[in-house]
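Peer 1: give me the fold of what follows.
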Amino acid sequence: MTERRIRVLIAKPGLDGHDRGAKVIARALRDAGMDVIYTGLRQTPEMIAEAALQEDVDVIGLSILSGAHMALAPRLLELLRANGQGEVPVLIGGIIPGEDVPALKAAGIAEAFGPGTSTEAVVAAVRQAAARKWAKE
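Peer 2: From the prediction side, this is the model:
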């Protein structure tokens, strides 16, 4: 029996037009043996939730540099719960002020990463999030 591959959706919600970090993370996750779906720039929470549903992903990674994380991330979590996907862990990275992290986690974000986080740390966190999700299935 082969090992189950982690399916990760990487999304850039909002009007942020800078996607270098998201592409670096997507490449690192692919290099680590994961299936990665990158939705591209300027996605709405509704578009991301629909893509997660259609692609049957195990983990969602959001990259937000615009400062809109306190509006966009909770909205996505609300939509995932409405779609019956509340168990899909959502990780967020980008310019996330430390004082916002507790509120994001209280809303349901599994992990938050700031500038300078190593790709190895992100890969490990995605693996852990997928393992926790699978353990509940």
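Peer 1: pull out the buried positions in stretch 51-59.
Peer 2: 51-53, 57-59 (16 or more other CB atoms under 10 Å). Quick note: C-beta positions are derived from backbone N, CA and C, even for glycine.
Peer 1: how far does that stretch stretch from start to finish?
Peer 2: Start-to-end span of stretch 51-59 (CA to CA, to the nearest Å) is 12 Å.
Peer 1: what about it, average pLDDT?
Peer 2: For stretch 51-59, the mean per-residue pLDDT is 97.
Peer 1: return the distance of it from the chain's centre.
Peer 2: From the chain centre to the centre of stretch 51-59 is a distance of 11 Å (CA atoms, centre = their mean, to the nearest Å).
Peer 1: ok, now stretch 74-91?
Peer 2: Using CA atoms, centre = their mean, the offset of stretch 74-91 from its chain centre is 11 Å.
Peer 1: from now on call the first residue 18
Peer 2: That works, and once the first residue is 18, the last one we named lands at stretch 91-108.
Peer 1: now that stretch: buried residues?
Peer 2: For stretch 91-108, by 16+ other CB under 10 Å, it's 91-94, 96-97, 102, 105-108.
Peer 1: which one of these is nearest residue 20?
Peer 2: Closest approach to residue 20 among those (CB to CB): residue 106, at 18.9 Å.
Peer 1: among the buried residues of stretch 91-108, which are located in helices?
Peer 2: Those of the buried residues of stretch 91-108 mapping onto helices are 91-94, 96-97, per DSSP state H.
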